[in-house]
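1. Following is a predicted model, sequence given first.
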Amino acid sequence: MDLLTLGKQFEVIHFSCRHSGRRLIKHCHFARNDPNHQCFGAWSVKREWISANQICHACGQQGVVRRATEQQQLVQIRL
Ligand SMILES: [Zn+2]
């Protein structure tokens, strides 16, 4: 059997904020059959792509915080 098909498969995304993220797209054969989804098999990159209009989760969180702060300031000005 091919070892690659047994391992977990993931895709690498390059975000517009110049960070990159790894997303699991397929659990390996053992993890699917294991109630705890545990797998000690190898990881393999199934695909890699560039997301031009998307930022990573961490930068997205920062953006949310920034927007929330701006809204708070707007409220304070109205008061
Ligand atoms: Zn980022």
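-> Yes, it's here. Numbers count the residues shown, from 1 in each chain.
2. what mean pLDDT does the lengthiest helix in the chain have?
-> Longest helix in the chain, counting residues (DSSP state H): helix 57-78. Averaging pLDDT along helix 57-78 yields 81.
3. now that helix: how far from the chain's centre is it?
-> Remark: helix 57-78 is offset 23 Å from the chain centroid, using Cα atoms, centre = their mean, to the nearest Å.
4. who in this structure is up against the ion?
-> With Cβ under 5 Å from the ion as the criterion, the chain meets the ion at residues 17, 19, 56, 59. Placement of C-beta: from N, CA and C, glycine included.
5. farthest pair in those residues?
-> Spatial extent of the residues of the chain next to the ion (Cβ to Cβ) is set by the pair 19 and 59 at 6.6 Å.
6. in what helix or strand does the closest residue to residue 26 other than its chain neighbours lie?
-> Nearest-residue entry for residue 26: residue 9, 4.1 Å, with adjacent residues in sequence omitted and distances by Cβ to Cβ, 6 or more residues apart in numbering. Per DSSP states H and E: residue 9 is located in strand 8-14.
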